[in-house]
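Trainee: only geometry, no sequence info:
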């Protein structure tokens, strides 16, 4: 049996995103604090700023938690694909594997499915939305950005995934 292919996330990328959200949250919440100290009548702006600041703080904690936990971004083995950024799918469900280039030149590893409706039905709402939007825009329902993959290129991963897919589909999983 082929050993699983494990690709961790880039911790530095998650920490950078967390830091960006933390700076934005500090700015918004600091602005909210300054507005509370003035004697002028309040309008809706401070409350909107508080809501945005709280949301940014939550996202900062989320991405910091992802960086500390350092989950596997992608796992490929004889059964199929899974990972933090990829909902579990068996090789029999996957129709096509390819490298996708986005509008801004970013590269992604994409998995097209035979039955995307059945795949989406077993996902949580947020993953269902991203799967649907990826499927509409690229035709691939599991899309993993190269930016979050540590020390791996999507070209190499696509070749390895195609080899695993061929073994699994033709019944040679040894």
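Mentor: Ah, there it is. This is a predicted model, so every value here is computed, not measured.
Trainee: Next secondary structure after the lowest-mean-pLDDT helix or strand in the chain?
Mentor: Ranking every helix and strand in the chain by mean pLDDT, DSSP states H and E puts helix 125-138 at the bottom, with a mean of 71. Next in sequence after helix 125-138, counting helices and strands by DSSP states H and E, comes strand 142-145.
Trainee: quick one: average pLDDT of that following strand?
Mentor: Averaged over strand 142-145, pLDDT sits at 84.
Trainee: How about residues contacting it?
Mentor: With C-beta atoms under 8 Å, 6 or more residues apart in numbering as the contact definition, strand 142-145 has outside contacts at 73-74, 81, 83, 85-87, 89, 100, 106-111, 113, 130-131, 134, 154. C-betas here are computed from N, CA, C, even on glycine.
Trainee: In PyMOL, select just the buried ones from the residues you listed.
Mentor: Command for PyMOL that selects the buried part of these, burial taken from 16 or more other C-beta atoms under 10 Å:
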select buried, resi 73+74+81+83+85+86+87+89+100+107+108+109+110+111+113+130+131+134+154
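Trainee: Among the contacts of strand 142-145, name the ones in strands.
Mentor: Those of the contacts of strand 142-145 mapping onto strands are 73, 74, 81, 89, 100, 107, 108, 109, 110, 111, 113, per DSSP state E.
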